[in-house]
Structures are given as C-alpha cells and as structure tokens.
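Enquirer: dropping a prediction and its sequence here:
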Amino acid sequence: MKRISTRSGELDVTIVSAAGNTGSTLVVFCHGFGAPGTDLVPFAGEFVALAPGLAAATFAFPAGPIDLSSIGLYGGRAWFPIDMQALDLANRAGRSDVLAAAEPPGMGAARKKLRAAVEALMGDRPWSRVVLGGFSQGAMMAIDLALRLEEAPAAVIAFSPTLVDRPSWERAATLRKGLRVLITHGRQDPLLPIRGTEALVAMLSAAGVAVDYLPFEGGHTIPFEALERAAKLLDH
C-alpha cells in the first residue's frame with residue numbers, strides 16, 4: 001500500500017491505499033485532541049493484517065485544523081478547543097455532561113472543514129461507500145458528521161467518544177435507523193469517563209441506530225480487541 005501526504009480542502013491528510021483504488025471504500029479516521037495528524041495512520045496496516053480484504057480500501061487520516069503549539073503541545077492538533085482543566089474538574093465531580101449540553105464552540109466550523117475534506121477525497125463515491133471513524137475527540141467528530149449529513153455513511157467507528165450536543169444529536173439520530181455504529185470505551189477511562197459513552201449508546205440505540213458496543217477493561221486507549229471488532233465491521 002502506498003502512503004501519500006496531501007491537502008484536501010483546508011486540511012492536511014495522509015492517505016494510505018493500493019494504487020488505482022479510486023472506487024474502493026473510503027475509510028476516514030480522525031485523531032484525538034493533542035495528537036498529530038498522523039497519529040492513527042498505522043491503523044491502515046493493522047486493519048489489513050486483520051482482514052486482508054481491506055487492502056482494497058482507501059484509508060484517509062485528516063489532521064485537525066487547530067495547531068496546539070501555542071499551549072506547548074508541539075505537533076499536536078485539535079478539532080475544536082477543549083478546556084482540559086474544566087473537563088478534569090467535572091470528571092472529579094462525577095459529571096460527564098460537560099460537552100453534552102450544546103455544541104462546543106468551534107465544532108461546527110471543524111465539521112464543515114472535515115466534510116469538505118472528505119467530499120474532496122470521495123471522488124465519485126457515494127456516502128454509502130464511506131466509513132467515518134476516530135478516537136476520542138476525533139470519534140466525536142465522526143459521529144457528529146455522520147448524524148448531520150443528508151445521506152448516511154456506510155458505518156461509523158468511534159473509539160472512546162462521549163455524548164456531545166445531545167439536543168442536536170438526539171434529533172438527528174432518528175434519521176439514522178439501521179446505521180452501523182461501533183463504539184468502544186475503557187471502563188477505567190479517566191479523561192472521558194465511560195458513563196458519557198453509556199449515555200451515547202443508550203440515546204443512539206433508542207433511535208434505532210445499530211450500535212455494536214464494546215466496553216473493555218482499561219483507560220483512554222484503543223485495545224487490540226477494539227481493532228479486531230473494527231476490522232470485522234469494515235470487512236463486511
């Protein structure tokens with residue numbers, strides 16, 4: 001598989017694919033807060049190793065629009081600002097609804113940039129041949145875009161997300177009955193406690209979304225079992 005770095009819309013993107021796969025399934029993975037845009041690129045090789053048929057897919061890894069060098073995270077990117085101190089204080093107080101009350105500032109602008117970047121990469125593909133995924137903040141972006149599109153994507157893979165903008169997501173989810181969504185989360189996650197994902201799973205399931213939920217023993221991470229489950233989804 002070939003790896004190239006390019007610009008799509010307003011975002012830098014790393015693409016991993018076999019030559020000539022312009023009509024293949026497009027799999028987009030968005031990184032988490034503070035990670036470099038290339039953080040999840042190794043996923044392409046891991047998925048192909050788990051399911052060789054995925055060698056026909058095109059994997060795209062966009063970098064978030066915000067450079068976090070100004071706060072000391074050199075090389076780190078973000079999709080929208082998060083007050084990590086406020087989030088930590090809320091977690092310590094047992095609250096998991098900090099991001100659920102309304103759309104966080106900057107998320108709407110990031111969504112537009114992500115959508116434009118994905119659409120530029122799609123070529124002639126319909127959304128039904130696009131899988132949106134991500135980790136942590138990137139998973140929130142994947143879910144948010146999938147719910148707000150006029151046409152549903154093929155599937156969503158969300159590693160360690162949390163419920164964001166519940167009023168909007170709850171309304172939009174009613175139009176996504178049958179959409180395949182894989183959600184994984186660590187039971188000991190100190191950054192985004194699992195109860196936020198449990199609320200997300202309950203909300204999506206109640207709307208008729210086909211949620212495959214994998215809680216696991218561990219923290220804010222992506223275990224091998226989550227990659228296995230994701231590869232299985234992508235290969236079907």
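Expert: Received it, and whenever you're ready, just let me know what you need.
Enquirer: does Leu182 count as helix, strand or coil?
Expert: Following DSSP: H, G, I helix; E, B strand; the rest coil, we place Leu182 in the strand state.
Enquirer: show me what contacts it?
Expert: With contact set as CB atoms under 8 Å, 6 or more residues apart in numbering, Leu182 has these partners: Ala155, Val156, Ile157, Ala158, Val211, Asp212, Leu214, Arg229, Ala230, Leu233. Where C-beta positions appear, they are placed from N, C-alpha and C, glycine not excepted.
Enquirer: again, only this time at 10 Å
Expert: Leu182 makes contacts with 131, 133, 155-159, 210-214, 226, 229-230, 232-234, as judged by CB atoms under 10 Å, 6 or more residues apart in numbering.
Enquirer: cool, Gly108 as well?
Expert: Phe80, Asp144, Arg148, Asp165.
Enquirer: you'd agree the second one is in a helix?
Expert: Yes: under three-state DSSP, Asp144 falls within a helix.
Enquirer: thought it was touching Ala110?
Expert: Yes: under the criterion of CB atoms under 10 Å, Asp144 makes contact with Ala110 at 8.7 Å.
Enquirer: next SSE after the helix ranked longest in the chain?
Expert: Ranked by number of residues, the top helix in the chain under DSSP state H is helix 107-122. Downstream of helix 107-122, the first helix or strand assigned by DSSP states H and E is strand 130-135.
Enquirer: for this protein, which segments are assigned as helices?
Expert: 43-50, 84-92, 107-122, 137-148, 166-173, 194-206, 224-234.
Enquirer: any chance of those in a markdown table, plus mean pLDDT and distance to Lys2?
Expert: Output for those, formatted as a markdown table (pLDDT from 0 to 100; distance: least, CB to CB, whole Å):
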| stretch | mean pLDDT | distance to Lys2 |
| --- | --- | --- |
| helix 43-50 | 96 | 10 |
| helix 84-92 | 77 | 36 |
| helix 107-122 | 98 | 15 |
| helix 137-148 | 98 | 23 |
| helix 166-173 | 97 | 36 |
| helix 194-206 | 96 | 35 |
| helix 224-234 | 97 | 19 |
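Enquirer: hey, which of the ones you listed is tucked in deepest?
Expert: Counting by mean count of other CB atoms under 10 Å, helix 137-148 has the highest mean neighbour count of the helices of the chain, with a mean of 27.
Enquirer: so which of the helices of the chain gets nearest Ala101?
Expert: helix 166-173 (7.2 Å; CB to CB).
Enquirer: which residues are in contact with the closest one?
Expert: Applying CB under 10 Å, 6+ apart, the set of residues contacting helix 166-173 is 97, 99-103, 140, 143-144, 146-149, 163, 165, 176, 179, 181, 199-200, 203-209.
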